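Enquirer: Got a predicted structure plus its sequence, pasted below:
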Amino acid sequence: MLEVHQLTGGYFPQQPVIHDLSFHVQPKEIVCLIGLNGAGKSTTIKHILGFLRPTKGTILFDGQTQLDHPESFRKKIAYIPETPYLYPELTLKEHLQLTAMAYGIKKKHAEGRMEELMETFQMTRQADWYPSTFSKGMRQKVMIMCAFLIQPRLLIVDEPFVGLDPLAIHSLLEHMVQLKEQGCSILLSTHVLATAEKYGDRFVILKEGRIALQGDMASMRQQTGLDQASLDQLFVHVMKEGRP
Amino acid sequence: MNLRLESLFVTRLLLAWKKGARYFAEIAKGMHFFPIALIVLIGYLYSLLLQSPSPMPVYILLTVLLTWGVSATHIRTFLEEPDPVFLYPAQQHVQRYLTQILIYNTAVQLLKMMVLLTFCAKLYIARLGDPNSFLILTLCLLGLKGWNLSVHWFQLRTPEPEWAGFWLRWGTNLLIIGWLLIQGPQPLVLGLSAIWLFLILGSYRKRMNPPHMIPWERLLSLEQQQVAAYYRFASHFVDVPYRTEEVRPRKMWNWVSCILPYQSDYTYRFLYLRTFFRRKEPYGAITRLTGLAAIILAILQPDILPACILVGTVQLLVSIQLPWIMRIHRYQPWLRLYPLPRSQRRMEFIRLAFPLLGMQGTLAALPLWWGPLVWTAVVATAFAWAAAWLLSRLHLPRLLKGI
């Protein structure tokens, strides 16, 4: 289970972007991180991944912190970033091979999974292509395939739908559901609220770096007093709250 | 800055020259050893050619050098990525901008050609012809340079692959220059060449897209390649923050990349080896250095000590370049996410550097095996591997501190 407790942090210690965030993601659960641009979603993710050091608070996964057990902590996590970061000198297949090697996945097992994933995401023909020839969506697919190759215990997905074709979005969601059923915890940051509502079990709505609302749909409706409200309506309500 | 469309080209040109001057000043301040050594070496080889008993090497060298000088037409456009969007409504200004690109590049290319011809003048007059024939040759080559630039420019605006025009130009230049140097500037040679050049030029002009179809992607990519090349050059001497690297899938080396075992202990070597073989640099620089050393050893066929010193010096220079293949990945998020100890990055790099440096030294010493003293070759090769071990175990770990 991922536990974020009273997390405060940002890019500079004197200028925190997120304040006192506390939430958790249990196994077999999809938690959606929602907020306006600049609300602190990506900053929160960067803290969980260990790219940024918190000024306050703790982040635990299965009771371990990244600082104490860096290798075993990272081995359980897969990340799909908003911007696809690829090695220009590696082909698609080599990206998958490198990921498999880094995570110690046996060659035979990895090769089977690679074929399967490339087929699912319609990338078999591009196996030996270099990223310079890929569209934004194809680059994103490489990131997604690398993440699913690992079969992680915690999957962190940052705005994954931008640039993906409808079939790829369908496959991504299908794989996420499969992983969830296998016991994976999933933290999904997205602006596509209809998809979040359909697939998310719980929601964390961020506003200016603080949690404005969190819980499942029923509990959020109760907290806001908006019965029958959709996630979209709840989000708009929370964002407008406190405005003149 | 108040930017006017009428003066956009001139504004960008001045900015680019200012930046270039700043880098030049930084490089000059460094008083680097390598360019000075290169100038001395070129001077020495030049004097050897002036005294060589046969004019053949001079014919070959001048043909290659002048063909390269005439054919290499690097066009700077000073275009920027947002231009296709922001300049879209200003077609008239864009056409004017394109004309300015052509005028500027013609002037720069002709100037570069003049510098090259000045360099070759003494050699030509001493070994191949008289001052009058050199003057005619100069005029012919300046004309040929202008033709190359026009064909390249027209070709950018035709819907055909660049490689076709590339080979056509280089082949034409090689034939005409070889002919001019061997036969001299005779009317028959000049007449036939002129007809051929006009035919090609006319054919390209005919196939050009209409003026409103601007090849933005090609022009932008040209500019990016040019800027990247300048930054790459500067990065050999000073720290360059904007350095971008081109990827060249050198398929002939794929087999080397595939011999690594498929284990997590080899993860970074898997990456670094591909970075080494597939990025344009430092592979290019290392190949040039190795080639230069091999040529010097082939020409001079020195004794054991100077041969070892040369091989060792080249290996030392390569070892300075090599950490770049590790440094380029410093800010990649994946390396920070892989569940591998941080120290493994450095360890794997050192383990890779040893065979790379050893092979590089062996290749540099290769010409010695065909020389009169086989023992020199044996010792120089053994020395190359010993130096590779020392450099990778003692020198590189110090260079890698902080990466």
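Expert: Perfect, I can see it now. Numbers count the residues shown, from 1 in each chain, chains lettered A, B, ... in the order given.

Enquirer: What residues does chain B have near chain A?
Expert: Within reach of chain A by CB under 8 Å from any CB of the partner chain, chain B has these residues: B:245, B:247, B:249, B:262-264, B:266-267, B:270-271, B:274-275, B:278-279, B:329, B:332-334, B:336-341. The way it works is simple: take the backbone N, C-alpha and C, and place the C-beta from them, glycine included.

Enquirer: of these, buried ones?
Expert: Using 16 or more other CB atoms under 10 Å in any protein chain shown as the burial test, those include B:245, B:247, B:262, B:264, B:266-267, B:270-271, B:274-275, B:278-279, B:329, B:334, B:337-340 as buried.

Enquirer: Okay, and which of the residues you listed map to helices?
Expert: B:267, B:270-271, B:274-275, B:278, B:334, B:337 (DSSP state H).

Enquirer: Can I get those in CSV including distance to residue B:206 and pLDDT?
Expert: What follows is those, written out as CSV (distance: CB to CB, whole Å; pLDDT from 0 to 100):
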residue, distance to residue B:206, pLDDT
B:267, 55, 91
B:270, 50, 91
B:271, 49, 91
B:274, 44, 91
B:275, 44, 90
B:278, 39, 88
B:334, 50, 84
B:337, 55, 85
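
Enquirer: Apart from its chain neighbours, what residue comes closest to residue A:158?
Expert: Spatial nearest neighbour of residue A:158, excluding adjacent residues (CB to CB, 6 or more residues apart in numbering or on different chains): residue A:82 at 4.4 Å.

Enquirer: And for that neighbour, the neighbour number?
Expert: For residue A:82, the neighbour count with other CB atoms under 10 Å in any protein chain shown is 16.

Enquirer: cool, and residue B:53?
Expert: 6.

Enquirer: got it, and the one 10 residues further on?
Expert: For residue B:63, the number of neighbouring residues by other CB under 10 Å comes to 19.

Enquirer: My guess is it contacts residue B:178. True?
Expert: Yes. If you go by CB atoms under 8 Å, residue B:63 and residue B:178 touch, sitting 4.9 Å apart.

Enquirer: Now look at the lowest-mean-pLDDT helix or strand in chain A and say if it contacts chain B.
Expert: Every helix and strand of chain A was ranked by mean pLDDT, DSSP states H and E. The lowest is helix A:70-75, at a mean of 85. Yes. Helix A:70-75 is in contact with chain B by CB under 8 Å from any CB, via A:70-75.

Enquirer: residue contacts, the residue of the stretch 151-300 of chain B found nearest chain A?
Expert: Residue nearest to chain A within the stretch 151-300 of chain B (CB to the nearest CB): residue B:278, separated by 4.0 Å. By CB atoms under 8 Å, 6 or more residues apart in numbering or on different chains, the contact list for residue B:278 reads A:89, B:247-250.

Enquirer: which stretches of chain A aren't confidently modelled?
Expert: A:242-244 (pLDDT under 70).

Enquirer: now the strands: where do they sit in it?
Expert: A:2-9, A:18-25, A:29-35, A:56-61, A:77-80, A:154-158, A:185-189, A:202-207, A:210-215 (DSSP state E).

Enquirer: export these to a markdown table and tack on mean neighbour count?
Expert: Formatted as a markdown table, the strands of chain A follow (neighbours: other CB atoms under 10 Å in any protein chain shown):
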| stretch | mean neighbour count |
| --- | --- |
| strand A:2-9 | 19 |
| strand A:18-25 | 20 |
| strand A:29-35 | 24 |
| strand A:56-61 | 17 |
| strand A:77-80 | 24 |
| strand A:154-158 | 23 |
| strand A:185-189 | 25 |
| strand A:202-207 | 22 |
| strand A:210-215 | 18 |
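
Enquirer: which one of the ones you listed lies closest to residue B:41?
Expert: strand A:77-80 (50.7 Å; CB to CB).

Enquirer: Note down every partner strand of that closest one and its orientation.
Expert: strand A:154-158 (parallel) (DSSP bridges).

Enquirer: Strand A:18-25 and the partner strand, what's the angle between them?
Expert: 130 degrees (axes from the mean of the first three to the mean of the last three CA atoms, to 10 degrees).

Enquirer: CA-only coordinates of strand A:154-158, as CSV, when you get a sec.
Expert: Only the C-alpha atoms of strand A:154-158 are listed here, as CSV (Å, rounded to 0.1, in the frame of the first residue of the first chain):
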residue,chain,number,x,y,z
LEU,A,154,2.4,0.3,-7.8
LEU,A,155,1.7,2.0,-11.1
ILE,A,156,1.9,5.8,-11.3
VAL,A,157,0.3,7.3,-14.4
ASP,A,158,0.6,11.0,-15.2
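
Enquirer: what about that strand, distance to the chain center?
Expert: On the basis of CA atoms, centre = their mean, to the nearest Å, strand A:154-158 sits 2 Å off its chain's mean C-alpha point.

Enquirer: so that strand versus strand A:185-189, what angle?
Expert: Calculated by the same axes, to 10 degrees, strand A:154-158 forms an angle of 10 degrees with strand A:185-189.

Enquirer: who touches strand A:154-158?
Expert: Residues from elsewhere that reach strand A:154-158 (CB under 8 Å, 6+ apart): A:2, A:25, A:41-42, A:45, A:48-49, A:61, A:76-82, A:147, A:176, A:179, A:184-190.
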